[in-house]
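Visitor: how would this look folded up:
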Amino acid sequence: MTRKAYIVSSGNVYRDLGFGDAEERLAKAHLANRISALIAQEGLTQQQAADILGVDQPKVSALVGGNLSGFSMDRLLRFALALGYDVHLTLRRHRPSGTAGTMRVA
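Guide: Got it, this is the predicted structure:
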């Protein structure tokens with residue numbers, strides 16, 4: 001029987017792939033996923049969502065498809081606001097000083 005090697009994930013695929021901005025990438029991915037779910041939940045077409053968000057339909061298609069290269073965290077937060085949702089950010093120290101923290105989207 002051949003054994004297959006595997007690596008246990010850290011829980012952040014971007015960190016596992018070696019991205020220096022892994023926490024931000026993961027938070028953006030979670031936020032984009034939540035915005036996509038809100039668009040679907042509201043029953044909006046991509047064009048309707050584009051009109052609300054102030055972008056063109058291909059941008060909504062990119063967002064829904066997970067292509068986030070053209071979207072900053074700030075822009076995604078503004079999209080959530082435009083869709084009529086409140087955004088709450090909480091800052092708290094939970095690691096020793098000098099240790100990188102995490103970002104989380106709920």
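Visitor: got a list of what residue 14 touches?
Guide: When contacts are counted by CB atoms under 8 Å, 6 or more residues apart in numbering, residue 14 touches 21, 22, 23, 25, 26, 29. Where you see a C-beta, it was placed from the backbone N, CA and C, and this is true even at glycine.
Visitor: the third one against residue 10, yeah?
Guide: This points to residue 23. No: using CB atoms under 8 Å, residue 23 makes no contact with residue 10, being 11.0 Å away.
Visitor: between the two, who's got more neighbours?
Guide: When residue 23 and residue 10 are compared for neighbours, residue 23 comes out ahead with 17 against 10, by other CB atoms under 10 Å.
Visitor: so how far is residue 32 from the more buried one?
Guide: Using CB to CB, to the nearest Å, residue 23 is found at 15 Å from residue 32.
Visitor: any idea which element residue 37 lies in?
Guide: Assessed by DSSP states H and E, residue 37 sits inside helix 22-41.
Visitor: report the distance from that helix to the chain centre.
Guide: Counting by CA atoms, centre = their mean, to the nearest Å, helix 22-41 is centred 3 Å from the centre of its parent chain.
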